[in-house]
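**Student:** Could you look at this predicted model? Sequence included:
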Amino acid sequence: MRFTREHEWLTGDEIVTVGITAYAADALGDIVFVDLPEVGRVLTAGGVAGEIESTKSVSDVYAPADGEVVEVNPALEDDPGLINSDPHGAGWLFKLRVTGEPDTLSEQEYTALTAG
């Protein structure tokens, strides 16, 4: 698992699964709505891919790399709280066919980023 400075995680190589970290899910509080990118949409690394709305705020989700969205998590439409209960598993957001190299952090680097 790799991480971004904007609190997304990703796993995989050519096609990566993307979600938000447990740290981000905890900071957001109870998630009540998710706006995910459409399948086929081409994303640019660092660009806004969607939004997550919680009882506290609305936050952008950023693309971890250049690529095309190949799948979104349909379970989040009915139960966006999956992001709170299982952010690194069932609460994944979308899958991206990567066309550029992701700018990511290791787990140790991400832990150091969020420790302060």
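**Tutor:** Received, thanks. Numbers count the residues shown, from 1 in each chain.

**Student:** which residues does the closest residue in space to Gly46 that isn't next to it in sequence bridge with?
**Tutor:** Closest residue in space to Gly46, ignoring its immediate chain neighbours: Tyr62 at 5.9 Å, by C-beta to C-beta, 6 or more residues apart in numbering. The way it works is simple: take the backbone N, C-alpha and C, and place the C-beta from them, glycine included. Tyr62 has the following beta-bridge partners by DSSP bridges: Val48.

**Student:** secondary structure element for the residue nearest the centre of the chain?
**Tutor:** In the chain, the residue lying closest to the centroid (C-alpha atoms, centre = their mean) is Gly19, at 2.8 Å. Per DSSP states H and E: Gly19 is located in strand 15-20.

**Student:** Now the closest residue to Tyr23 other than its chain neighbours: which helix or strand?
**Tutor:** Leaving aside its sequence neighbours, Tyr23 sits nearest to Thr114 (C-beta to C-beta, 6+ apart; 5.0 Å). Thr114 is located in helix 107-115, with elements delineated by DSSP H and E.

**Student:** How much space separates the residue lying closest to Leu76 once chain neighbours are set aside from Ala49?
**Tutor:** Spatially, and ignoring its direct neighbours in sequence, Leu76 is nearest to Val34 (4.7 Å; C-beta to C-beta, 6+ apart). Using C-beta to C-beta, to the nearest Å, one gets 11 Å for the distance from Val34 to Ala49.
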